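*Asks:* Need a 3D model of the following:
(one chain, ligands or ions: 1)
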Amino acid sequence: MPLLSNILKTKKLSKRGRSTTPSFVCEVPLQVLPSQEPVLQTRFEAARQCYNALLGEALRRLRLMQQSQAYQAARKIPRGITHLAERKAAFKQIRQSMGFTEYALSRYATTIHHSWIGDHVDAVIGQTLAHRAFDAVDKMALGRAKKVRFKGRRGIHQIGSLEGKSNQAGLRWRTDHLEWGSLALPMISGVEHDPIIAYGLTHPIKYVRLVRRNLRGQDRYYAQLICEGIPLRKLDPQSGRFQHPLGSDMVGLDIGPSTIGVVGETQASLQRFAEEIVRDHATLRREQRHADRQRRANNPDCYDAQGRAIKGKHPRNKSRRQRHTEARIRDLHRKEAAHRKTLHGQLAHRILAQGTIILTEKLSYKAFQKRWGRSISIRAPRLFLTILTRKAESAGGQVIEFNTRTTALSQTCLCGQKHKKRLSERVHTCECGVTMQRDLFSAYLARFVEDDALQVAKARESWLGSEPILRTAWQQATQNQPASGQRQPSSFGRFVSGPSQSRSPEKENLPEFKASDAVTEAQVSARAGERMTVEVFRTPRL
Ligand SMILES: [Zn+2]
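*Replies:* Residues are numbered from 1 along each chain as shown. Okay, here's the model as predicted:
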């Protein structure tokens with residue numbers, strides 16, 4: 001187990017290559033007087049318009065850049081290694097000359113500042129907004145995003161947070177209150193007794209973020225203090241030990257669109273992500289249908305006789321009741337997100353209790369989104385991995401994502417054979433006698449990946465000891481009734497009780513064993529057929 005002092009010393013490189021010290025976030029609820037509320041609202045509105053202006057400007061510059069002859073010429077430079085440096089330099093030069101850099105955009109932010117916006121938002125916030133806007137458009141420039149989103153006045157696309165750069169200017173925290181220009185917002189009295197907040201307040205603050213959330217139709221404000229150090233580890237009041245113990249196993253994960261297989265040395269499990277959310281999601285859907293009916297009733301001209309939306313007509317009339325429904329939907333969305341975060345956090349702690357070095361495949365979650373959009377938006381596997389990575393790192397461990405192509409875990413067997421499987425084949429069955437649920441087997445193999453390559457020999461050595469653990473996990477997964485009240489997901493496959501001991505892959509490879517177990521090819525395939533208890537895989541239903 002790495003010492004805490006070592007964790008503090010390890011400096012990470014941020015996205016921009018700056019070295020960063022470890023930090024954690026401490027959230028403090030703020031008390032806002034009725035006289036201060038309109039001031040805050042005006043400032044958030046000014047920030048929103050500032051952000052939109054910056055986003056628009058960045059987009060304009062991107063388009064101009066892409067239309068330029070120099071850009072078109074740079075695109076023609078081949079992508080190969082020999083031309084890599086040349087290509088890179090050419091694009092860098094064009095970006096600079098066309099003003100498509102973060103620096104140029106933050107200079108543009110100062111010109112916005114000479115307008116009315118400058119009376120409400122300070123220059124530092126302008127710079128952080130420029131950073132956000134540039135990041136969004138840069139993703140588009142690099143082909144990682146299709147479009148950018150302008151911030152709306154209300155709803156999920158409103159601007160939810162503002163942040164500074166240091167605790168010296170703009171938003172700053174002073175002992176027990178947030179200072180921002182003429183405003184001083186104290187923390188809600190009593191929260192200083194909360195152990196987590198008390199712990200955060202004793203640490204040096206890097207910068208402060210002001211968050212606005214809408215709770216049951218009311219705006220609430222929170223200060224998020226970005227503190228230097230490592231987060232508090234909670235103690236259990238009864239035993240006096242850490243509430244979330246840390247294990248020392250190597251843990252392998254197999255993350256699917258809706259399920260996760262976890263395999264450690266002594267424990268394994270196969271479960272679904274955020275199961276409770278799926279159950280509660282029905283309420284949200286009902287409210288969404290309600291709002292849709294209200295929208296149609298309030299804007300009959302926008303729909304044709306068959307109820308289809310007429311192109312170019314936008315439903316703008318809203319009844320008081322529709323506004324209420326929409327407020328409820330916003331609240332349900334917020335609750336759902338918070339609940340999901342809690343469940344993901346709990347699962348992460350359960351995994352860290354097994355071990356803090358975690359191995360998993362590097363997956364394209366975008367491909368997940370394309371194929372299982374709705375399921376992904378509710379279960380959010382990528383968010384889970386982000387949370388797990390953060391928690392593992394602050395515990396001194398790490399999440400290692402390895403290459404799928406070089407390892408091909410779902411196809412590989414302990415005997416070294418490769419069987420290409422369809423997604424519908426949920427059970428890994430091999431002639432050598434290995435029969436295991438596919439996800440659990442992949443998670444098991446993940447533990448033996450070193451430098452993007454699977455160490456098959458090591459995996460084979462430990463298989464005899466691990467197989468019963470995996471089998472128990474498989475059995476439990478197929479027996480447990482899902483919390484959503486739906487039937488068991490077919491992705492778990494039908495449980496197959498263990499093969500006879502003699503059919504271990506190790507013995508299989510010994511020559512004398514082979515001789516005594518001489519079976520014809522037809523018999524082998526017949527036996528394999530028996531074990532092929534594969535159910536047809538369906539897209540996860542929600
Ligand atoms: Zn095999």
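
*Asks:* Any residues of the protein in contact with the ion? List them.
*Replies:* With CB under 5 Å from the ion as the criterion, the chain meets the ion at residues 413, 415, 417, 430, 432. Heads up, the C-betas are built off the backbone N, CA and C, glycines and all.

*Asks:* Who wins on neighbours among those?
*Replies:* Cys413 (22 neighbours; other CB atoms under 10 Å).

*Asks:* Looking at the residues of the chain next to the ion, which has the smallest pLDDT value?
*Replies:* The member of the residues of the chain next to the ion with the lowest pLDDT is Gln417, at 77.

*Asks:* Who are the contact partners of it?
*Replies:* 430-432 (CB atoms under 8 Å, 6 or more residues apart in numbering).

*Asks:* Swap in 7 Å and give it another go.
*Replies:* Counting by CB atoms under 7 Å, 6 or more residues apart in numbering, Gln417 touches Cys430.

*Asks:* Check the gap between it and Arg460 for me.
*Replies:* Here Gln417 is placed at a distance of 12 Å from Arg460 (CB to CB, to the nearest Å).

*Asks:* circling back: can I get the residues of the chain next to the ion in a markdown table including secondary structure?
*Replies:* Listed next are the residues of the chain next to the ion as a markdown table, based on DSSP: H, G, I helix; E, B strand; the rest coil:
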| residue | secondary structure |
| --- | --- |
| Cys413 | coil |
| Cys415 | coil |
| Gln417 | coil |
| Cys430 | coil |
| Cys432 | coil |
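
*Asks:* Can you give the domain ranges for the chain?
*Replies:* 21-232, 247-287+325-542 (automatic domain parsing).

*Asks:* closest one to Lys318 among those?
*Replies:* Evaluated with CB to CB, the domains of the chain place domain 247-287+325-542 nearest to Lys318, the distance being 7.8 Å.

*Asks:* And the pLDDT for His333?
*Replies:* According to the model, His333 scores 87 on pLDDT.

*Asks:* swap that for Thr539, sorry
*Replies:* According to the prediction, Thr539 has pLDDT 42.

*Asks:* next helix or strand past whichever strand or helix holds Arg43?
*Replies:* Assessed by DSSP states H and E, Arg43 sits inside helix 37-67. As assigned by DSSP H and E, the chain's next helix or strand after helix 37-67 is helix 69-75.

*Asks:* Can you spell out which helices and strands pack onto that next one?
*Replies:* With contacts taken as 3 or more CB pairs under 7 Å, 6 or more residues apart in numbering; DSSP states H and E, helix 69-75 sits against helix 84-97.

*Asks:* neighbouring contacts of the helix or strand that comes right after the helix it packs on?
*Replies:* As assigned by DSSP H and E, the chain's next helix or strand after helix 84-97 is helix 102-112. Here helix 102-112 makes contact (CB under 7 Å, 6+ apart) with 50, 53-54, 57-58, 123, 126-127, 129-131, 133-134.

*Asks:* got the CA coordinates for helix 102-112 in CSV?
*Replies:* The C-alpha coordinates for helix 102-112 follow below in CSV (Å, rounded to 0.1, in the frame of the first residue of the first chain):
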residue,chain,number,x,y,z
GLU,A,102,-7.4,29.8,-26.1
TYR,A,103,-5.1,32.8,-25.5
ALA,A,104,-6.6,34.8,-28.4
LEU,A,105,-10.1,33.9,-27.2
SER,A,106,-9.5,35.0,-23.7
ARG,A,107,-8.2,38.3,-25.1
TYR,A,108,-11.5,38.6,-26.9
ALA,A,109,-13.2,38.1,-23.5
THR,A,110,-11.6,41.3,-22.3
THR,A,111,-13.4,43.2,-25.1
ILE,A,112,-16.7,41.7,-24.0
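
*Asks:* so what pLDDT did Arg216 get?
*Replies:* Looking at Arg216, its pLDDT reads 79.

*Asks:* what about the residue nearest to it when sequence neighbours are not counted, neighbour count?
*Replies:* Of all residues not flanking Arg216 in the chain, Asp331 sits nearest, at 5.7 Å (CB to CB, 6 or more residues apart in numbering). Look at Asp331: counted by other CB under 10 Å, it has 17 neighbours.

*Asks:* Just put the residues of the chain next to the ion in TSV and tack on distance to Ala473.
*Replies:* Output for the residues of the chain next to the ion, formatted as TSV (distance: CB to CB, whole Å):
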residue	distance to Ala473
Cys413	19
Cys415	22
Gln417	24
Cys430	19
Cys432	21
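
*Asks:* picking that back up, now the angle from the helix holding Arg43 to helix 84-97?
*Replies:* 130 degrees (axes from the mean of the first three to the mean of the last three CA atoms, to 10 degrees).

*Asks:* and the domains of the chain, which one is worst for confidence?
*Replies:* The minimum mean pLDDT among the domains of the chain belongs to domain 247-287+325-542 (a mean of 75).

*Asks:* what's the pLDDT at the closest residue to Ser319 other than its chain neighbours?
*Replies:* Excluding its sequence neighbours, the residue lying closest to Ser319 (CB to CB, 6+ apart) is Asn298, at 5.3 Å. Asn298 carries a pLDDT value of 94.

*Asks:* Assess the claim that Asn298 and Arg323 are in contact.
*Replies:* No - with contact defined as CB atoms under 7 Å, Asn298 does not reach Arg323; the gap is 10.5 Å.

*Asks:* How about the stretch 101-250 of the chain: which residue is closest to the ion?
*Replies:* Closest contact between the stretch 101-250 of the chain and the ion, by CB to the ion, is at Met250 (22.4 Å).

*Asks:* So that residue is in contact with Arg447, correct?
*Replies:* Yes - Met250 lies in contact with Arg447 (CB under 7 Å); the separation is 5.0 Å.

*Asks:* Now do the same contact list for Gln294.
*Replies:* 319, 321-322, 325.

*Asks:* So it: helix, strand or coil?
*Replies:* Going by three-state DSSP: Gln294 is helix.

*Asks:* picking up where we left off before, could you verify my assumption that the residue nearest to Arg216 touches Arg220?
*Replies:* No - using CB under 7 Å as the test, Asp331 is too far from Arg220 to be in contact (11.8 Å).

*Asks:* How about the most centrally placed residue in the chain: what's its closest non-neighbour residue?
*Replies:* The geometric centre of the chain, computed from its C-alpha atoms, lies nearest to Leu383 (CA atoms, centre = their mean), at 1.7 Å. Distances taken as CB to CB, 6+ apart place His344 nearest to Leu383, at 6.2 Å, with adjacent residues excluded.

*Asks:* Equivalent analysis for Leu64, please.
*Replies:* Met98 (6.0 Å).

*Asks:* Tell me how far the one you found lies from Arg334.
*Replies:* Per CB to CB, Met98 is found 40 Å from Arg334.

*Asks:* Equivalent analysis for Arg471, please.
*Replies:* Arg471 is 41 Å from Arg334, by CB to CB.

*Asks:* swap in Asp236?
*Replies:* Distance from Asp236 to Arg334, counting by CB to CB: 30 Å.

*Asks:* ditto for Arg63
*Replies:* Separation of Arg63 from Arg334 (CB to CB): 35 Å.

*Asks:* Compare those two and say which one has the larger neighbour count.
*Replies:* Taking other CB under 10 Å, Arg63 and Arg334 do not tie; Arg334 has more neighbours (15 against 11).

*Asks:* is it true that the more buried one lies in a strand?
*Replies:* No - according to three-state DSSP, Arg334 belongs to no strand; its state is helix.

*Asks:* how about it, what does it touch?
*Replies:* Counting by CB under 7 Å, 6+ apart, Arg334 has contacts 213-214.

*Asks:* ok, it to Arg328 distance?
*Replies:* For Arg334 relative to Arg328 (CB to CB), the value is 11 Å.

*Asks:* Check Val262 too.
*Replies:* Separation of Val262 from Arg328 (CB to CB) stands at 36 Å.

*Asks:* Kindly report the same for Tyr199.
*Replies:* For Tyr199, the distance to Arg328 (CB to CB) stands at 36 Å.

*Asks:* Repeat that for Val399.
*Replies:* 37 Å.

*Asks:* With neighbour numbers in mind, choose between the two.
*Replies:* Val399 (21 against 17).
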